[in-house]
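1. Dropping the sequence and predicted coords here.
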Amino acid sequence: MSARETMLWTAPTFRPVIPRVAFREVLVAQLWMLWDSRRVAVLVVSLGLAMFIPLAPGHGMMPFLVGIHVTVLLAALLWGAVVWHAQDPQHRMEHREMPVDFRSHDLARVLAGALLFAGAYGVIAVAALFAPPAIGGPPPLPAWHLFGMAAGLVAAYLFGSAAGIALRHPIAGLSIFVVGYILLGQVLTAVLERPASRFVTELLGTWGLEVAIVGPVAMHTTMVRGSPTSFAFPAATEWVPAVCLWLGVSILLFMLALAPPRFLRRRA
Amino acid sequence: MSDHPLDGVTTHGLRKEFGHQRALDGVNLRVAPGAAYLMAGENGAGKSTLLRILLGLQEATAGTVSVLGLDPAVDGAGVRALVGYMPDRVEFEHGWMSVDAALRFHARYRPRWDAAYAAELIGQLELPRDRRLAGLSKGQRRRLQLVFTLAHRPPIVVMDEPTDALDPRMRERFAQLLSAYLADTDATLILSTHAIADVKSIPTDVGILRQGQLVLQCKREALRNRLVRVSAEVPNDWLPPPAIGVRTISEEHRGGMLRAVLWAAPEEACALLESAGAATTSLDALTLSEAVVAMLAAPPSWTPEAVEVEIALLPGGVL
């Protein structure tokens, strides 16, 4: 733009034409920034490690994506937080000063991270698709379970993102949450006697985090003389409530992190 | 959006509180389009807070803000798209980026990014294009911030301590580049700085912020015409009459010599002193920097409005 154009643009008789940036451009900028920051290395290393898990003893009897699922969930959780590395809420002014609405800008970063994760996971999934099936191996993964796995991945990534957006030390925050959840389960199981045990069963069982994580990929194995003879995936009803609950919790936490209500906002 | 064709930057009754601490108290800012407004004040006076509110980076507790007709609390992104902002901090959050990469990153956010102008500024400011941001010195980071601020040719430029960390040669270069930009584009500038001497030729308007209150806001010429440093010979037992007392911002009275800074036109100050039995020996206009220092050193309750009220209440009017 020439100086003359700028003068016309800024002249008092002209209303300012606001040079707004399109969300697509912001998303591309965030994608490129994440790539350039080499944070992607965390993604490559964590998913790369997951690739080796099926090589461990016993894992050969599972579908490849099932075998790596829990590790991939952890990678999604970690990646959600790593996307905000070095830009905790107290060090995010440069991000804030850009000409983008705060929430849209945060969302663009989260979407960019999700796209990179999906890309990396997609490479693994496609590789698994073309891998030759093992003779006498596991049954094919029902499509319904793929939805459960995808929901788990989304929930894990949203948990990680919420921590990354809202917490100064997201990895520590996530660790405290996981350890706290396990301890709570132990304490409740140890302390509460019947009839409260039903409550514990519901809270930690049917609706529990563990069920949400491994439910869609847990396999019922029939053993005869110490050897597995048949495999079956559990009915969806066994894990759908837990997956739905924790997906809902993750969405809620993510929304609160993205647009905190006034009483939760830090003193601005 | 306001329909007023002459919207610059205005605030009305702006208040900002941090808990029980009041950072801004009823600020009525008026920056006309094309003005270069110097915002002066001591540390903690509320300058940076005010600038951040103008950018929509902080919420005001009360009051209204308008930047080119936009309310930053409603359309902060729109305001930031129109403003070139140079913050007071010199750290970059994306330290791994090279200077070139950071320029490309900023260009993506600015549809009106002028790559040729950015390249010219990079050259003028002697910045290494291939070095990582984390490897830049403080002064180099400041200079790069100037490129980010101006290269999208904003109609409003907001700068918070822009010459901080710059060496004397670069301060001069900075002032030259900023002056050239303002002359070239007729953009509006709001500049907060303690180093007034570095930018002395730029401001057209001056605002003094003291303890969260805008105690003075006027054209630079008005300040020059209303603020005068006088030296006068006075009798040993001389006491300033009320007409001089209310206009006195600072005074030093030693052994028959009076040295004072008065809020009065030079001829008015001279007439007042003569009528009070003092013999004026010198009468000087203050430089911008001296004027700001004098205003900041004024008694806490001092404001031009208060002076005018006190003058009106004096017996016999002005004199």
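-> Done, it's in.
2. Do a quick rundown of the strands in the stretch 151-300 of chain B.
-> In order along the chain, the stretch 151-300 of chain B carries the following strands (DSSP state E, counting those that start in this stretch): B:156-160, B:188-192, B:205-210, B:213-219, B:227-233, B:248-254, B:257-263, B:279-285.
3. er, chain A I mean
-> Using DSSP state E, the strands found in chain A span residues A:220-224, A:227-232.
4. In terms of mean pLDDT, which of these ranks lowest?
-> Mean pLDDT is lowest for strand A:227-232 among the strands of chain A, at a mean of 68.
5. quick one: stretch B:81-91 near chain A?
-> Yes - counting by CB under 8 Å from any CB of the partner chain, contacts between stretch B:81-91 and chain A involve B:81-82, B:85, B:87, B:89. Placement of C-beta: from N, CA and C, glycine included.
6. In helices, which of those residues appear?
-> B:81-82 (DSSP state H).
7. Can you turn the buried subset of the residues of stretch B:81-91 next to chain A into a selection I can paste into PyMOL?
-> A single PyMOL command selects the buried members of the residues of stretch B:81-91 next to chain A (16 or more other CB atoms under 10 Å in any protein chain shown):
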select buried, chain B and resi 81+82+85+87
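8. What is the nearest of the residues of stretch B:81-91 next to chain A to chain A?
-> Ranked by distance to chain A (CB to the nearest CB), the residues of stretch B:81-91 next to chain A are led by B:Ala81 at 3.7 Å.
9. pLDDT weak spots in chain A?
-> A:1-15, A:53-62, A:131-140, A:192-201, A:203, A:227-231, A:264-268 (pLDDT under 70).
10. Mind naming the longest helix for it?
-> Longest helix in chain A, counting residues (DSSP H): helix A:102-130.
11. Show me which residues of it are buried.
-> Buried positions in helix A:102-130, judged by neighbour count with 16+ other CB under 10 Å: A:102, A:105-114, A:116-117, A:120-121, A:124, A:128.
12. Same check on stretch A:26-40?
-> A:26-27, A:29-31, A:33-34, A:36-37, A:39-40.
13. got a list of what the residue lying closest to B:Met159 once chain neighbours are set aside touches?
-> Excluding its sequence neighbours, the residue lying closest to B:Met159 (CB to CB, 6 or more residues apart in numbering or on different chains) is B:Met86, at 4.3 Å. Shown in contact with B:Met86 (CB atoms under 8 Å, 6 or more residues apart in numbering or on different chains): B:145-146, B:148-149, B:157-160, B:162.
14. Could you report the neighbour count for residue 162?
-> Just going to use chain A. Neighbour count of A:Ala162, defined by other CB atoms under 10 Å in any protein chain shown: 26.
15. Not quite, go with chain B.
-> B:Pro162: 26 neighbours (other CB under 10 Å).
16. Give me the pLDDT for the nearest residue to it once chain neighbours are set aside.
-> Once flanking residues are discounted, B:Pro162 sits nearest to B:Met86: 5.1 Å by CB to CB, 6+ apart. With respect to pLDDT, B:Met86 scores 97.
17. what does the model give the one residue in the stretch 151-300 of chain B that gets nearest to chain A for pLDDT?
-> Relative to chain A, the nearest point of the stretch 151-300 of chain B is B:Pro155 (3.8 Å; CB to the nearest CB). B:Pro155 is assigned a pLDDT of 94 by the prediction.
18. Touching, it and B:Leu182? I think so.
-> No - judged on CB atoms under 8 Å, B:Pro155 makes no contact with B:Leu182 at a distance of 11.0 Å.
19. Pick out whichever of those two has more residues nearby.
-> Taking other CB under 10 Å, B:Pro155 and B:Leu182 do not tie; B:Pro155 has more neighbours (25 against 19).
20. Please name the residues that touch the one residue sitting closest to the centre of chain A.
-> Centroid-nearest residue in chain A: A:Tyr157, 1.4 Å away (criterion: CA atoms, centre = their mean). Shown in contact with A:Tyr157 (CB under 8 Å, 6+ apart): A:76-77, A:79-80, A:113-114, A:117.
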